[in-house]
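Engineer: Got a predicted structure plus its sequence, pasted below:
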Amino acid sequence: MILAAFILLLLLVNLPRTSAASTCAIGRQFCGNVCYAPGVQKCINQVICSYHQELCNGRCYTPGVQQCYGKIICAYDQKPCGNVCYKVGIQKCLNDVICAYNQILCGGKCYTSDAKECSTKKTML
């Protein structure tokens with residue numbers, strides 16, 4: 001009897017382990033292989049977000065506070081410039097370069113419109 005219990009214990013210890021739970025606690029559901037709480041979270045395309053959030057390119061964001069622009073999430077008062085966000089009305093995006101609102105782009109750098117550093121040979125935007 002003791003030998004049978006010992007063998008059973010060895011078998012249980014040596015079972016392959018998986019990262020996923022086989023069952024979720026009461027009131028929880030699976031999202032992929034992870035348990036989540038449907039009352040406060042939601043599962044969107046195998047991603048767990050807070051209940052009030054949406055999905056943007058595999059990441060959770062909060063509509064009304066943030067906006068989704070394809071691959072980038074910006075604060076509601078911002079817009080994307082390349083892969084970063086800038087503040088509308090304070091900054092502007094010129095060829096994926098963020099400049100102050102009163103600046104121009106010349107040779108890939110931001111200058112004030114009266115800057116002498118920007119040569120006439122370079123294209124101004």
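Structural biologist: All right, it came through fine.
Engineer: C-alpha coordinates for stretch 103-111, CSV please?
Structural biologist: Extracted in CSV, the C-alpha atoms of stretch 103-111 (Å, rounded to 0.1, in the frame of the first residue of the first chain):
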residue,chain,number,x,y,z
GLN,A,103,9.0,76.7,-36.6
ILE,A,104,9.8,75.5,-40.1
LEU,A,105,11.7,72.4,-41.2
CYS,A,106,15.0,72.9,-43.0
GLY,A,107,17.4,70.1,-43.7
GLY,A,108,15.6,67.8,-41.3
LYS,A,109,15.9,70.3,-38.4
CYS,A,110,13.5,72.8,-36.9
TYR,A,111,14.2,76.5,-37.1
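Engineer: And that stretch, what's buried?
Structural biologist: Under the neighbour-count criterion of 16 or more other CB atoms under 10 Å, stretch 103-111 has Gln103, Ile104, Leu105, Cys106, Cys110, Tyr111 buried. (C-beta placed from N, C-alpha, C; glycine too.)
Engineer: Could you measure from Thr23 over to Phe30?
Structural biologist: Note on Thr23: its distance to Phe30, by CB to CB, to the nearest Å, is 9 Å.
Engineer: who has more neighbours, the two?
Structural biologist: Just comparing Thr23 and Phe30: by other CB atoms under 10 Å the higher neighbour count belongs to Phe30, 14 against 8.
Engineer: Skipping adjacent residues, who's closest to the more buried one in space?
Structural biologist: Nearest in space to Phe30, with sequence neighbours left out and distances taken as CB to CB, 6 or more residues apart in numbering, is Cys24 at 6.0 Å.
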